[in-house]
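Enquirer: only the shape, not the letters, is given here:
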């Protein structure tokens with residue numbers, strides 16, 4: 001392909017990704033469907049690009065996009081609000097993931113005659129919902145804030161849970177120890193190490209930011225810190241994705257929390273990161289730096305994520321997709337039943353949610369970036385026996401995103417967005433920007 005045509009294709013893909021992302025608010029169609037369909041069109045259908053050239057870079061693109069999305073997610077979390085809804089969101093995250101992984105594993109044992117460890121590996125890859133897909137859709141539906149935050153907590157911690165499970169199962173499949181005590185200690189220690197690293201580096205970086213933020217390219221330096229904490233925690237055998245999430249959480253909440261212990265006479269205004277009292281000038285500075293970090297890392301994540309999903313579509317093999325369509329539908333059935341059971345079993349955790357809200361929570365279980373990345377890692381680690389997994393992941397991602405579309409349309413019907421209110425003659429009060437509008 002000529003260089004100018006290659007650049008034209010890249011530019012066209014970015015324009016398409018921008019339009020697809022904006023169409024979510026009008027149509028409810030997740031942009032990942034459009035991006036993967038575009039990859040299928042320019043790859044196996046029209047043969048405009050040779051996907052084999054980029055096959056080795058797929059895992060790197062996916063991992064980098066996942067790092068950026070988790071860091072961005074940490075920057076968007078309000079600590080107090082997360083703590084208020086943490087129990088319900090964590091319950092939904094753990095129960096839904098476990099039931100989904102076990103359900104898919106049972107399907108694989110029946111359909112593929114796998115033993116338990118390989119079957120659980122497939123279930124672990126397919127069991128996690130995608131935060132990068134759920135969050136934009138939640139921003140466009142008129143659900144109560146309590147429901148949105150519960151789903152936000154589930155999505156934020158689901159990625160890290162899936163990585164923990166797949167990493168542990170890959171170690172067992174490679175001949176590692178399978179003792180429940182050893183597995184439990186490995187999981188616990190990796191999470192503790194990740195949280196401690198994220199907290200310590202986040203506190204240190206929050207003290208450095210006032211100095212760095214006046215320099216050029218300080219966003220790039222923060223991005224470098226994200227990559228370094230990811231690599232460092234991985235080298236120490238901790239959960240690197242949890243560390244990245246906690247690092248972002250600390251950057252958005254610790255500066256305001258620090259002001260809580262140093263209140264001044266003007267400390268009456270609540271900082272929107274954690275609703276703790278800070279001075280007006282401090283609030284403006286924190287909000288400006290926070291907004292700049294969100295913009296930079298959000299746009300970088302958008303760029304990498306776009307190329308990953310288009311590349312994923314271009315790598316699809318129609319023969320494998322047709323061969324495993326039945327298996328994909330069976331896996332979707334298991335995922336849907338697991339989702340319904342987890343939502344219904346958690347009524348005690350969200351007693352105030354209505355039956356319609358629980359129905360919508362059942363539909364909001366899309367698979368996406370983390371499923372594709374983990375599928376690629378399993379294939380690379382275990383070889384030819386799992387060659388079917390990339391096609392299976394592609395099919396399950398598409399089907400669950402169509403289910404999300406149904407849920408989005410259902411939400412618009414049950415809870416229509418109210419028309420804009422008429423302007424009031426009185427001066428409006430400053431409002432704290434929400435996580436999910």
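Expert: Everything's here; your move. From a predicted model like this one, the values you see are computed outputs, not experimental measurements.
Enquirer: what helix or strand is residue 21 on?
Expert: helix 3-27 (DSSP states H and E).
Enquirer: show me what secondary structure element comes after that helix.
Expert: helix 31-40.
Enquirer: orientation of that following helix relative to helix 3-27 in degrees?
Expert: In terms of direction (axes from the mean of the first three to the mean of the last three C-alpha atoms, to 10 degrees), helix 31-40 departs from helix 3-27 by 150 degrees.
Enquirer: got phi/psi on residue 139?
Expert: Backbone torsions for residue 139, taken as degrees, to the nearest 10, come to phi -70, psi -20.
Enquirer: look up how far residue 148 lies from it.
Expert: Applying C-beta to C-beta, to the nearest Å, the value for residue 139 to residue 148 is 9 Å. Backbone N, C-alpha and C define where each C-beta goes, glycine included.
Enquirer: of the two, give the one with the bigger neighbour count.
Expert: More crowded of residue 139 and residue 148, by other C-beta atoms under 10 Å: residue 148, with 21 against 14.
Enquirer: kindly check the end-to-end length of stretch 30-49 for me.
Expert: 24 Å (C-alpha to C-alpha, to the nearest Å).
Enquirer: oh, that last question was meant for stretch 126-145, not what I typed.
Expert: 28 Å.
Enquirer: next, name the residue at the spatial heart of the protein.
Expert: residue 131 (2.7 Å; C-alpha atoms, centre = their mean).
Enquirer: tally of neighbours for the nearest residue to it once chain neighbours are set aside?
Expert: Once flanking residues are discounted, residue 131 sits nearest to residue 155: 3.6 Å by C-beta to C-beta, 6 or more residues apart in numbering. By other C-beta under 10 Å, 24 other residues sit near residue 155.
Enquirer: isn't residue 155 up against residue 135?
Expert: Yes. Counting by C-beta atoms under 8 Å, residue 155 does reach residue 135; the two are 6.5 Å apart.
Enquirer: what touches both of the two?
Expert: residue 73 (C-beta atoms under 8 Å, 6 or more residues apart in numbering).
Enquirer: so how far is the helix holding residue 21 from its chain's centroid?
Expert: Remark: helix 3-27 is offset 21 Å from the chain centroid, using C-alpha atoms, centre = their mean, to the nearest Å.
Enquirer: not counting its neighbours along the chain, what's nearest residue 40?
Expert: residue 313 (4.4 Å).
Enquirer: what's near enough to touch that neighbour?
Expert: Taking C-beta under 8 Å, 6+ apart, one finds 35, 36, 37, 38, 39, 40, 41, 43, 394 in contact with residue 313.
Enquirer: still on that earlier bit, report the buried residues of the helix or strand containing the residue nearest to residue 131.
Expert: Residue 155 is located in helix 145-173, with elements delineated by DSSP H and E. Residues 146-173 are the ones in helix 145-173 that count as buried (16 or more other C-beta atoms under 10 Å).
Enquirer: cool, and stretch 237-249?
Expert: 238, 239, 240, 241, 242, 243, 244, 245, 246, 247, 248, 249.
Enquirer: give me phi/psi at the fifth one?
Expert: Reported as degrees, to the nearest 10, the phi and psi values for residue 242 are phi -60, psi -40.
Enquirer: surely it and residue 196 touch.
Expert: No. Using C-beta under 8 Å, residue 242 makes no contact with residue 196, being 10.4 Å away.
Enquirer: specify which member of the contacts of residue 313 is nearest to residue 305.
Expert: residue 35 (8.3 Å; C-beta to C-beta).
Enquirer: what's the neighbour count on the closest one?
Expert: Neighbours of residue 35 (other C-beta under 10 Å): 23.
Enquirer: can you check the one 3 residues further on too?
Expert: Using other C-beta under 10 Å, the number of residues around residue 38 comes to 20.
Enquirer: show me the contacts for the residue nearest to it when sequence neighbours are not counted.
Expert: Excluding its sequence neighbours, the residue lying closest to residue 38 (C-beta to C-beta, 6+ apart) is residue 310, at 5.6 Å. If you count contacts by C-beta under 8 Å, 6+ apart, residue 310 has them with 13, 35, 36, 38, 39, 42.
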